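Engineer: Show me the folded form of this:
(one chain, ligands or ions: 2)
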Amino acid sequence: MKTISIANQKGGAGKTTLLVVLATALAVNYGYRVLVIDGDPQQSITKLRASDEPALAGEREFLSDPTLDFPYPVVSQELAAIPDYLAQVEEAFDITFIDLPGRADSSLLNDVLASSEVVLVPMQATFLDQQATLDFLAILHVLAEYCKKENLEFQPFGVTSRKTASREEKEMNEFADAAGLARFASTLGNRVAYTRLSSLFSFLDLDYLKRIDAKPSIEQEVRAMCDELVAKANLSPATVPATV
Ligand SMILES: Nc1ncnc2c1ncn2[C@@H]1O[C@H](COP(=O)(O)OP(=O)(O)O)[C@@H](O)[C@H]1O
Ligand SMILES: [Mg+2]
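Structural biologist: Ligands and ions are numbered 1, 2, ... in the order given. I've put the predicted structure just below:
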C-alpha cells in the first residue's frame, strides 16, 4: 500500500479537491483499491460523501443493482490515530489518501506525514499562499531528512492544482524549485467543474463531464495527473482491471 497525504498549511489551497479528483479516478478508472482517510476536523470529504448518497441511490436504481457501492470508503480518523490505522489497513488497499487540516498540532501532523510515502502539496500563487507554502516547505525539508536517516520512503511534490498562468504562479514555481521541492509537470486548471466534485463519479467519465457542463478536455488533464502520480509514487499495476 502507498500512503499519499495531501497537505499544505494554508486552508483553501485546494487539498480536498485534488484528493477527491485523484482518488475517484484511480479507483473507478484505474481499478486501484483506494481508501480515503479524512483527517481534517472540518470533515469536508465526509460531508461530500454524505451529499453523494442520493446520487448513489439513483445509480442503484438506474443500473438495477442494489449492491452498487461507492468506489472507495471514506473513514474519519483523528490525526493521532492515523499511523496505527495505516498499519491495520496495509493489506486491504493499494492506495490510501489522507486529507489533512490546514492547521494542526505540528507533531501529530508530522507523524502522519512521516508515515506517508508521498506528500502532494497543492501550491497556490497568491502572496499569502506563498508565505504559508514556504513555511510548509521548511517543515517538509526537516521531515525528508528524518525519513532519509530512518530509511523511510518519503517523496514530497508540489502540484499546481488550480492553474492560473499568472506571474505569481511562475514565482511560486521558482520558490519551490529553489527550495528543492520536486514538482508535478501536469496541472489542474482553475475551472468551475472542479467545484462540482463527486466521490462517486470520475472526471474521466465523459458522460459525467457532460452532465456537469464540463469541457471534455478535463478528462486529459485529470488522466495526465493520475498517470504522473502512478509513475512518481511507483504504484504497482492495479489488482483489478481498469474499467476505462
Ligand atoms: N482547480 C480548481 N478550480 C476551481 N476551483 C477550485 C479548484 N481547486 C479548488 N477549488 C475551490 O477552492 C476552494 C478551496 O478548495 P479546497 O479543495 O476545499 O481546499 P482545502 O481543502 O485546501 O481547504 C473550494 O471552494 C474549491 O471548490
Ligand atoms: Mg480541505
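
Engineer: Which part of the protein gets nearest to ligand 2, residue-wise?
Structural biologist: Ligand 2 sits closest to T16 of the chain, with a gap of 3.3 Å, by C-beta to the ion. Quick note: C-beta positions are derived from backbone N, CA and C, even for glycine.

Engineer: Backbone torsions only: list them for V222.
Structural biologist: phi -70, psi -40 (degrees, to the nearest 10).

Engineer: Helices along the chain, start to end?
Structural biologist: If DSSP state H is used as the criterion, the helices of the chain fall at 15-28, 44-51, 53-62, 82-89, 106-114, 127-149, 167-178, 206-211, 217-232.

Engineer: now, of those, which is deepest in the fold?
Structural biologist: helix 15-28 (a mean of 25; mean count of other C-beta atoms under 10 Å).

Engineer: Can you find the helix or strand in this structure with the smallest mean pLDDT?
Structural biologist: None of the helices or strands of the chain scores lower by mean pLDDT, DSSP states H and E than helix 127-149, at a mean of 85.

Engineer: Distance from the chain centre to that helix, please.
Structural biologist: Computed by C-alpha atoms, centre = their mean, to the nearest Å, the chain-centroid distance of helix 127-149 equals 18 Å.

Engineer: near ligand 1 at all, that helix?
Structural biologist: No. Shown here: helix 127-149 not in contact with ligand 1 (C-beta under 6 Å from any ligand atom), separated by at least 10.1 Å.

Engineer: Check the residue of the chain closest to ligand 2 and give its pLDDT.
Structural biologist: Note for T16: predicted pLDDT of 96.

Engineer: Looks like it contacts D99 (just checking).
Structural biologist: Yes. Counting by C-beta atoms under 8 Å, T16 touches D99, with 5.6 Å between them.

Engineer: The closest residue in space to L100 that isn't next to it in sequence: neighbour count?
Structural biologist: Leaving out its chain neighbours, the residue that sits closest to L100 by C-beta to C-beta, 6 or more residues apart in numbering is A7, at 4.6 Å. Around A7 there are 25 other residues, counting by other C-beta atoms under 10 Å.

Engineer: My guess is A7 contacts L113. True?
Structural biologist: Yes. Contact status for A7 versus L113: in contact at 6.4 Å, counting by C-beta under 8 Å.

Engineer: Can you give me every residue that contacts P73?
Structural biologist: L35, V36 (C-beta atoms under 8 Å, 6 or more residues apart in numbering).

Engineer: hmm, back to that, can you pull the contacts of the residue of the chain closest to ligand 2?
Structural biologist: Contact analysis of T16 by C-beta under 8 Å, 6+ apart lists I6, D40, S44, I45, L48, D99, L197.

Engineer: how about 10 Å then?
Structural biologist: I6, D38, D40, Q42, S44, I45, K47, L48, D99, L100, P122, L197 (C-beta atoms under 10 Å, 6 or more residues apart in numbering).

Engineer: Any residues of this protein in contact with ligand 1? List them.
Structural biologist: Residues of the chain lying near ligand 1 (C-beta under 6 Å from any ligand atom): 11-17, 44, 161-162, 188, 190-191, 194-195.

Engineer: out of those residues, what pair is the most spread apart?
Structural biologist: G11 and R191 (20.4 Å; C-beta to C-beta).
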